[in-house]
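[1] Dropping the sequence and predicted coords here.
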Amino acid sequence: MGKHTFIYPGRFAPPTGGHNHIVNIMKHMVKVAQASGVTADYRIYGTSTFDGPGSKNPVPPELKEQLMGKIFDTDAQNITVAPLKFPGVFGHVQHAHDNGATELTIVSSGKRTQQYDK
């Protein structure tokens with residue numbers, strides 16, 4: 001049997017309570033899958049883009065990763081601040097596959113879901 005990985009990609013600039021709410025929903029989805037006998041895990045992918053204070057991307061990648069771990073109350077192994085070798089959602093999907101995912105669910109807010117549907 002394969003592994004089902006749930007991924008949540010985003011800028012997280014900065015991580016917020018709203019992001020945390022989605023992470024908690026994703027953690028619940030993993031528990032439900034595991035309770036039904038599915039091998040499942042999750043990954044949170046933040047962008048590594050940093051444009052400096054006052055910009056749309058004001059949080060340096062190292063600080064972003066630390067904040068995400070604290071705010072989302074999760075292990076560092078579940079967080080990846082995406083290096084440039086796999087930017088964007090397709091890179092995240094490839095990274096999850098390279099780490100054993102055979103099934104994948106992308107978790108997102110309603111705003112992003114509309115973009116993925118296009």
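    Arrived safely, thanks for sending. Residues are numbered from 1 along each chain as shown.
[2] contacts, neighbours, all on C-alpha from now
    Fine.
[3] Quickly note the distance from the most centrally placed residue in the chain to Pro15.
    Central residue check for the chain by CA atoms, centre = their mean: the C-alpha nearest the mean position is that of Ile44, 2.1 Å away. When distance is defined by CA to CA, to the nearest Å, Ile44 is 11 Å away from Pro15.
[4] In what element of secondary structure is Glu103 found?
    Here Glu103, judged by DSSP states H and E, is contained in strand 101-106.
[5] quick one on the thing from earlier: and after the helix or strand hosting the residue nearest to the centre of the chain, which helix or strand comes next?
    When elements are defined using DSSP H and E, Ile44 is found to belong to strand 39-47. As assigned by DSSP H and E, the chain's next helix or strand after strand 39-47 is helix 61-71.
[6] what is the rounded mean pLDDT of that following helix?
    Regarding helix 61-71, the rounded mean pLDDT is 91.
[7] Kindly export it (C-alpha atoms) in CSV.
    What follows is helix 61-71 as a C-alpha-only set of coordinates in CSV (Å, rounded to 0.1, in the frame of the first residue of the first chain):
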residue,chain,number,x,y,z
PRO,A,61,13.0,32.2,4.9
GLU,A,62,14.8,31.1,8.1
LEU,A,63,12.5,33.2,10.3
LYS,A,64,9.5,32.0,8.3
GLU,A,65,10.4,28.4,9.0
GLN,A,66,10.8,29.1,12.8
LEU,A,67,7.5,31.0,12.9
MET,A,68,5.6,28.3,11.0
GLY,A,69,6.9,25.6,13.5
LYS,A,70,5.7,27.7,16.5
ILE,A,71,2.4,28.9,15.1
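[8] Done for today, thanks.
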